[in-house]
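1. 3D model of this:
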Amino acid sequence: MYVLYIITGLALIVSLIASREKTWRALKISIKLLVTILPAFITMLILVSVVLFLVPDKVIFACLGNHNRTIGVLIATFVGSITLMPGFIAYPLCGILLEKGVSYMVLAAFSTTLMMVGVLTYPIESRYFGAKVTIIRNLVSLVITVIVAIATGFFFGEIG
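-> Okay, the predicted model is just below:
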C-alpha cells in the first residue's frame, strides 16, 4: 500500500512541476467531490456495518459453507452484491471463511461481487454516470463474477 502512496505523491509532484495552476485546480475539484460524496458513503458504511453486526457469524458460515457449491455461489454473489466493504476488510474475511470450510469458488464469487457490483452504491453511481451505464456495468460485473467463480472452481479442482 505504501508503494501506491509513494507513486501518487511522485505523480502529484510531477503534476505540480508541469502545471502548478492545473494541479491546484484539480485538487480543489477532487476535494469538493469528496466532500459531496462523503456523507452518503459514510451513511452506507454505517448501515452495512449494522446489518453485518446483526447477522450472526454462524448464519454466514452456514449459508456460504453449504456443501452445494451452486447454492453457495448464488448466495455469495447476492451477499457480495448488496454489501459495501473495503478490500482491506473483505480479503481477511475471505481468509476466515476459507478456514471455516467455505470453498474457493464461493469465496471468488463473494469477493468479486463485493469489489465489482454495487447495489448499495447504485444511487450515487447513477447520479454521476447515469442509470443505464450503472445497470450495464453491474450486469457485466455479474457475468464476470460467474466466469471468475467457475474458473476458480476449475483451478482449485472444485469442479471437474
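
2. alpha carbons only for contacts and neighbour counts from here, please
-> Noted.

3. distance of the spatially most central residue of the chain from Gly65?
-> Closest to where the C-alpha atoms of the chain average out (Cα atoms, centre = their mean) is Met115, at 2.0 Å. Here the criterion is Cα to Cα, to the nearest Å. By it, Met115 lies 20 Å from Gly65.

4. try Tyr104
-> Taking Cα to Cα as the measure, Tyr104 falls 10 Å from Gly65.

5. What is the least confident helix or strand in the chain by mean pLDDT packed up against?
-> For the chain, counting by mean pLDDT, DSSP states H and E, helix 57-64 ranks last in confidence among helices and strands (a mean of 73). Secondary-structure packing of helix 57-64 (3 or more Cα pairs under 8 Å, 6 or more residues apart in numbering; DSSP states H and E): helix 69-82.

6. what does the least confident helix or strand of the chain contact?
-> 72-73, 75-76, 97, 100, 102, 106 (Cα atoms under 8 Å, 6 or more residues apart in numbering).

7. Output the residues you listed as TSV; include the columns neighbour count, distance to Leu54 and pLDDT.
-> Supplementary listing: the contacts of helix 57-64 in TSV, determined by neighbours: other Cα atoms under 10 Å; distance: Cα to Cα, whole Å; pLDDT from 0 to 100:
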residue	neighbour count	distance to Leu54	pLDDT
Gly72	23	21	87
Val73	27	22	90
Ile75	19	18	89
Ala76	26	18	90
Leu97	20	18	80
Lys100	13	20	76
Val102	22	21	85
Val106	29	22	92
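
8. quick check, nearest of those to Ile124?
-> In terms of Cα to Cα, no member of these lies closer to Ile124 than Ala76, at 23.4 Å.
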